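Trainee: Could you work out the structure for the sequence below:
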Amino acid sequence: MRRWQVVTLGLLVLLYSACYLCRSNYSVTLSLLQDTLVEQGYSPGDAQVRLGSIASLGVLAYAIGKFFTGSLADFLGGRRNILFGMFGSVAFTVLFALGGAVPLFTLAWFGNRLVQSFVWTGMVKVTGRWFSFGTYGTAMGIVSLSYLFGDAAARRFMGWLLAAGLGWRGVFFVAGGVLLTVAVACALWLRESPRAIGEVEPRANPGNVFGEGGQVDTPPSVRELLVPLLTSPVFLVVCFLSLGLTLLRETFNTWSAFYFPDALALSKAEAANRSALFPLLGGVSVIVAGWVSDRLGQGGRAAVIFLGCATTAVVLFVLGRADFGTATLLPVALVALVGFLMIGPYSYLAGAISLDLGGKRGGATACGVIDGVGYLGAMAAGDTVARVTRDYGWSGTFQTLAAVAVLTSAGAALFFMMQRSGAKLQP
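Mentor: Numbers count the residues shown, from 1 in each chain. Coordinates of the predicted model:
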């Protein structure tokens, strides 16, 4: 059992890391894509807004998918979600690389983000069936490394491809090829649950919103799956937290590789490498936060979220108000620090907290709704951030993000008080 748990975690980290090759490729190549649109007659500012709009539509597609893919995983199993999302992402990545204008870019990116929304909810379902609730924080922390260390590695790899002279099309083709290889490996070796190897599944958190019914893998009906979740006050507060933290994370994921050459005059390849620091430090944060939360007990995750949001607001305010002159080290370090302070708390929401709330019956659905609400808010990370940056500069953008972090801190304080007062998960 322990050996298969290790294999399962390893495959989940590997597969989602590979998915980020077909996700961060858009951010890493934004400057090159802007050049392509400028060659077609767009002004640099209008090209940036167009690309920001495509990013926003991609986030919308991801949000839409989250609202139903979680329930599909709870009813049909997580492995199907994972494989469908991976093979679909390969197809849309190749389609994007074959395109050359805004309409096909938009279609391909929308489709890519939609099918990738299947993958994470499937991973949460599989994790909830392989691990006990006492280790949710640690297990989901390790799984979350896939979108942090995996993202960082993907960005460094693509930065190396750009430095070697590969254009944005070549980066997309290579990313699709790597993901296809990993998808085939997962089709061969990933198992849905311990039952596939003749073992018993560990227990879910007994305090989930379904009570003892949360120990059962498959929901009896859609109504009995959704109503207990959507009428839980704690669940609704967690959705609010997701709104703010996902907007912050997606903004940095999308624009850091653009901010560094635009504001700090770094080369495109160097900017891709520096943008990897954000998820890299976030990965360290996830390891620490996951381990700590399993040991702090009730209210522990809420306390970490509040502390992370409050300190993130301070750092963003400094980024928005400070005059860095020609210095590049300090602003890059501050962006990386935001990743360290914010990503650990963010990782709880669509990971350990989703499993705490939903148990085996609805963990994937809880994850999908929490993530979906977050990504609806994160739509502003594309078009809106592009417009704010164009009209008010990066200073205005960072000050706006600082305000978002302050509001999210207030929600985290409420979540902490509810947890400390013993607010019931069940409505």
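Trainee: residues in contact with the residue nearest to the spatial centre of the chain?
Mentor: Geometric centre of the chain, nearest residue: residue 147, 6.4 Å, by C-alpha atoms, centre = their mean. When contacts are counted by C-beta atoms under 8 Å, 6 or more residues apart in numbering, residue 147 touches 16-17, 20, 279. Backbone N, C-alpha and C define where each C-beta goes, glycine included.
Trainee: Could you export those residues as JSON lines, including distance to residue 307?
Mentor: Listed next are the contacts of residue 147 as JSON lines, based on distance: C-beta to C-beta, whole Å:
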{"residue": "16", "distance to residue 307": "27"}
{"residue": "17", "distance to residue 307": "28"}
{"residue": "20", "distance to residue 307": "27"}
{"residue": "279", "distance to residue 307": "20"}
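Trainee: Residue 73: which element?
Mentor: Secondary structure from DSSP states H and E places residue 73 in helix 44-76.
Trainee: actually residue 355, not the one I typed
Mentor: Going by DSSP H and E, residue 355 is part of helix 352-378.
Trainee: Tell me how far that helix lies from the chain's centre.
Mentor: Here helix 352-378 is found 12 Å from its chain centre; the criterion is C-alpha atoms, centre = their mean, to the nearest Å.
Trainee: now the angle between helix 44-76 and it, please.
Mentor: Between the axes of helix 352-378 and helix 44-76, defined by axes from the mean of the first three to the mean of the last three C-alpha atoms, to 10 degrees, the angle is 150 degrees.
Trainee: I'd assumed residue 5 was in contact with residue 131.
Mentor: Yes - here residue 131 reaches residue 5: they are 6.9 Å apart, a contact under C-beta atoms under 8 Å.
Trainee: Among those two, which residue is more densely surrounded?
Mentor: Remark: of residue 131 and residue 5, residue 131 carries more neighbours, 23 against 17, as counted by other C-beta atoms under 10 Å.
Trainee: what's near enough to touch that one?
Mentor: Taking C-beta under 8 Å, 6+ apart as the test, what residue 131 contacts is 5, 139, 202.
Trainee: For the first one, pull up the helix or strand it's in.
Mentor: Same thing as residue 5. Using DSSP H and E, residue 5 maps to helix 2-21.
Trainee: Buried residues of the helix or strand following that helix, list them for me.
Mentor: Proceeding N to C from helix 2-21, the next assigned helix or strand is helix 24-28, under DSSP H and E. Buried residues in helix 24-28, defined by neighbour count with 16 or more other C-beta atoms under 10 Å: 24-28.
Trainee: What's the mean pLDDT across helix 24-28?
Mentor: Helix 24-28 carries an average pLDDT of 90.
Trainee: can you check stretch 91-111 too?
Mentor: 94.
Trainee: Just the buried positions in it, please.
Mentor: Those would be 92-97, 99, 102, 105-111, for stretch 91-111 by 16+ other C-beta under 10 Å.
Trainee: Could you do stretch 394-401 as well?
Mentor: In stretch 394-401, the ones that count as buried by 16+ other C-beta under 10 Å are 394, 397-401.
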